[in-house]
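# Below are the sequence and a predicted model; questions follow.
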Amino acid sequence: MGHEDYDQNCSELELKQGNQSSIPDSPPVHREEAKVVSLGLRILRWAIPVLAVGGGVLAYIMLSTPLEKPKKPPGVSRGLKTRVIELKVEDYTTSVETSGIIRAHNEITLTSQVPGRIVGISRQFEDGAFFNKGEVLVQLEEADFAAAVASGAAQLAQASAGHAQEKARAAQARRNWEDLGYEDEPNELVLRLPQLREAEARVEAAKTQLAQARRNLKRAKVIAPFDGRVRQRVAGISQAVSGGTPLGKIFAVDYAEVRLPISGNEMGFLELPEGRDDPPVEVTLSDALDENNETRWTAEVVRTEGALDQSSLELYAIAQIKDPFGRKSGLPSLRIGQPVLATMPGRVLKDVIKVPRGAVRQLKRIYIVDKSDLTVRGIDVVPIRGNEEYLIIRDESISDGDLLATTPMAYVPNGARVEIISDQDEANSSAKASTEAGQDLKKPSS
């Protein structure tokens, strides 16, 4: 290759390279705008995460900040206010309340003592009927008994005649012995004394048989043994009965009994009779089935059982109710099996105080208001006795006439001053509060 060819090739190569790199340069204005856009993209790339983090922090701060509650209007300061009652130191008669079931003091099964056929039943021998002592309740057929009486009378007459004959023979034998001139005392066979004793025995046996026949005839009438009432009749007309056959159940009505349980805690407040000469304890009974029944019956505890009940460890007192069916008093009947409530007066407690249950706080604390400066002090008390309305306490720090706070108060420090309010003041305050509440309800909502 010559020199000219080499130069030509080089010119062509430069021309090709020149075509590839011959991109014209951008104007200066365009280069400045490109720089600004690139810088903006960089700033935007860093700003987005920063803004996201800042927004999250701001939202957290806003959500975690508690909302400001609306301020309440300033309230009016109120002091301690209470109602009071005046306490009295006095003697208190305790009472014990218990319950029991009315029962008959004498209940028997009426039976026949002789066999026979029933031919008559009294109208007083019906279930629930009253009868008097000596009335004929059941009549048995009497023919056989009357025949036995006649037979017994004949046997007695026969035995009496034989006895009279033997008596005459014995007397004649003695006279014969004396007429014969014997000086010795004759023996019993000569005087016919064995025969005479036999005849006397026959007379006594006949008398006994006649008396038995007459008793059987009398027993053909079943007589009421006491004033009573029929619980249940089981015999009927034409029924054949034997000795000991049950005819019905009857019970006495002169008085009834009630068995009253006394717990161990209550025994110390009662003076129950133990012996026959001990005075009875009066009891007031009321109907346990009907709370609206205002009738009260009077009874007396006359004795106690000699042992405690093994299951409940209670002592049972026995009270008697005279005329339980009101036949003389005119009171409503106390029926056998009826449950009753019983109230018994107990011992007298000296120098004690009655405290209303509503004035006791925390089961054993009361508040006494000093009359001189109207300060309050709390006292823990131990009840001696209590019922639904009152607690009975004994406390030497409480004097007669002290004031007891009865209005519930949330917190009462010792020495705090109180304001005594009356029932009228409390009524006025309640009415005012009700009026203000009604006005608030009438205000339109914004």
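Here it is on my side, so go on.
# Where does the prediction get shaky in this protein?
1-37, 40, 60, 64-79, 423-446 (pLDDT under 70).
# for it, what spans make up the helices?
With DSSP state H as the criterion, the chain has helices at 3-20, 28-64, 143-179, 188-191, 193-219, 264-267, 423-442.
# Which strand in this structure has the most residues?
Longest among the strand segments of the chain by residue count, using DSSP state E, is strand 339-356.
# What residues of that one count as buried?
340, 342, 344-346, 349, 352-355 (16 or more other CB atoms under 10 Å). For every residue, glycine as well, the C-beta is placed using N, CA and C.
# For those, could you give me TSV that also reports distance to residue 369?
What follows is these, written out as TSV (distance: CB to CB, whole Å):
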residue	distance to residue 369
340	44
342	40
344	37
345	34
346	32
349	25
352	20
353	15
354	17
355	14
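# and which of those is nearest residue 48?
Distances from residue 48 to these, taken as CB to CB, are shortest for residue 355 (79.1 Å).
# What distance do you get for the closest residue to the closest one other than its chain neighbours to residue 350?
Distance criterion CB to CB, 6 or more residues apart in numbering; nearest residue to residue 355, sequence neighbours excluded, is residue 391 at 4.8 Å. Shown here: residue 391 relative to residue 350, a distance of 17 Å by CB to CB, to the nearest Å.
# what does residue 63 give?
73 Å.
# now do residue 417
Taken as CB to CB, the span from residue 417 to residue 350 is 35 Å.
# same check, this time on residue 123
59 Å.
# swap in residue 218?
Counting by CB to CB - residue 218 and residue 350 are separated by 64 Å.
# Check residue 203 too.
78 Å.
# Show me the protein divided up by domain.
24-64, 81-88+351-428, 113-139+225-244, 142-219, 251-347 (automatic domain parsing).
# residues in contact with the closest residue to residue 266 other than its chain neighbours?
Counting by CB to CB, 6+ apart, residue 96 is the residue found nearest to residue 266 once chain neighbours are left out, at 4.8 Å. Going by CB atoms under 8 Å, 6 or more residues apart in numbering, residue 96 touches 262, 266, 269-270, 343-344, 346.
# Could you do residue 276 as well?
So residue 276 contacts nothing (CB under 8 Å, 6+ apart).
# And for residue 222?
So residue 222 contacts 110, 112, 136-140, 247 (CB under 8 Å, 6+ apart).
# quick one on the thing from earlier: tell me the one of the buried residues of strand 339-356 nearest residue 279?
residue 345 (12.4 Å).
# Am I right that that closest one is in contact with residue 282?
Yes: between residue 345 and residue 282 there is a contact at 6.7 Å, judged by CB atoms under 8 Å.
# show me what contacts the closest residue to residue 110 other than its chain neighbours?
Setting aside the residues directly before and after it, residue 110 is nearest to residue 247 in space (CB to CB, 6+ apart), at 4.7 Å. By CB under 8 Å, 6+ apart, the contact list for residue 247 reads 109-112, 125, 137-138, 222, 233-235, 241.
# Now list the buried members of the residues you listed.
110-112, 125, 137-138, 222, 233, 235, 241.
# Now intersect the residues you listed with the strands, please.
Secondary structure from DSSP E places 110-111, 137-138, 222, 233, 241 of those in strands.
# quick one: the residue nearest to residue 110 and residue 108, what's the gap?
11 Å.
# Over to residue 262?
29 Å.
# out of the two, which sits in the more crowded spot?
residue 262 (20 against 15; other CB atoms under 10 Å).
# Identify the bridge partners of that one.
With DSSP bridges as the criterion, residue 262 is bridged to residue 315.
# Spit out the contact partners of it.
96, 98, 270, 272, 314-317 are the contacts of residue 262 under CB under 8 Å, 6+ apart.
# closest to residue 380 among those?
Distances from residue 380 to the contacts of residue 262, taken by CB to CB, are shortest for residue 96, at 26.8 Å.
# That closest one and residue 301, how far apart?
In terms of CB to CB, residue 96 sits 11 Å off from residue 301.
# doesn't residue 331 make contact with residue 297?
Yes: contact criterion CB under 8 Å: residue 297 and residue 331 qualify, at 6.5 Å.
# So between the two, which is more surrounded?
residue 297 (24 against 15).
# which ones are touching that one?
284-286, 321, 324, 331, 334, 340.
# go on, residue 209?
152, 155-156.
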